[in-house]
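**Q** Below: sequence and its predicted model.
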Amino acid sequence: MLLVRRGIVPSKGMWCLPMGFAEVGETIAEAALRELREETGVIGRVTRLVDADSWDSSLYGDVLVVTFEVAKTSGSETAGDDAEEVAYFPMRDLPPLAFPSNEKAIRLCADLHEDEWAIHDSFTRLENGLGRDMLSDSLIGFARDHAGYVARLWLADVRSNRTTVGYIHLDPESLLEECTAGLRLLGHWLEGEGTEEEIRSSYRDLGAHRRSQGIASYEMLSAILLLKKHIWTFARSQGVWDRPVDAYRVMELQSRFAVYFDKAVYHSSRGFANAR
């Protein structure tokens, strides 16, 4: 948040948003951009009206404070006019502000951008592979809490699907137990507790086991992807699609699933191929 340290009364020496009085013949938006340029050296364009607030000033009387959000287009941050200093501050760590109207406008601005910034932060963590503190975390509890239910859906599908006909000959209780264990492993990985070695070991063992059972490799891979389908369908059903951030939360979870199941397919295939 771009703030200026006031060089005049009232509240000389305190920080506030760049601001000043409109002059005759200019619109309020024009006045805001002019004051911004004169006090900070920043040239910008108005992107939205944030707030209009009445402030009872002991010096000026009743003042109407209109606050705009402005995008910087050019200029260089240099204190000028009535400002002693100009600086950017994190919105979560602002200095005491001179005017309550500024505090209110900043809170409203943060509210307007809450979803947008949350998506940006979560996407950055996803790109960096951090695996924690992402928006989709609110949807991952199902892997732990509903593993049995999802496993039963998968079992019914895998025993009747044309791409996994060999599974009808396998013990359903063993399949259910293996699937439930796999879902718990996925849950641990999504929560940042599972390791790469656990995934490698588990799926390579699975690949070798399926080969010893006489299951074709393509059936094994199809079964893994059928599990992905049922997990995704169930996870998506847990979301509430009220805001764009909700849609992002579900799409982000799908991206995390893709990473996990790429590993599952690779290691199960290696385990299958290396089995003796």
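**A** Noted; the coordinates are in hand. Model, not experiment: these values are computed from the prediction. Residues are numbered from 1 along each chain as shown.
**Q** Just the buried residues of stretch 27-43, please?
**A** Residues 31-33, 35-37, 39-42 are the ones in stretch 27-43 that count as buried (16 or more other CB atoms under 10 Å). The C-beta positions use only the backbone N, C-alpha and C, and glycine is treated the same way.
**Q** Mind picking the two most distant members of the residues you listed?
**A** Using CB to CB, the buried residues of stretch 27-43 span at most 17.0 Å, a distance reached by A31 and G41.
**Q** Of the buried residues of stretch 27-43, which belong to strands?
**A** Among the buried residues of stretch 27-43, the residues falling in strands (DSSP state E) are V42.
**Q** quick one, strands of the stretch 1-150 of the chain?
**A** Along the stretch 1-150 of the chain, the segments classed as strands by DSSP state E, counting those that start in this stretch run 2-6, 15-16, 42-57, 61-75, 83-88.
**Q** out of these, which comes closest to I199?
**A** That would be strand 83-88 among the strands of the stretch 1-150 of the chain, by CB to CB, at 42.5 Å.
**Q** which residue packs closest to L253, ignoring adjacent ones?
**A** Excluding its sequence neighbours, the residue lying closest to L253 (CB to CB, 6 or more residues apart in numbering) is S136, at 3.9 Å.
**Q** what sits against the one you found?
**A** 122, 249-250, 252-253, 256 (CB atoms under 8 Å, 6 or more residues apart in numbering).
**Q** Now do it against L126, distance only.
**A** Distance check for S136 against L126: by CB to CB, to the nearest Å, it reads 8 Å.
**Q** Mind listing the shared neighbours of these two?
**A** 252, 256.
**Q** show me where the stretch 1-150 of the chain has helices.
**A** 28-40, 100-127, 142-145, 147-158 (DSSP state H, counting those that start in this stretch).
**Q** What residues sit buried inside stretch 46-64?
**A** 46, 50-51, 53.
**Q** got it, and stretch 88-106?
**A** 97-99, 101-102, 104-106.
**Q** which residues of the stretch 1-150 of the chain score low on pLDDT?
**A** Across the stretch 1-150 of the chain, the ranges flagged by pLDDT under 70 are 129-132, 135, 138-139, 142-144.
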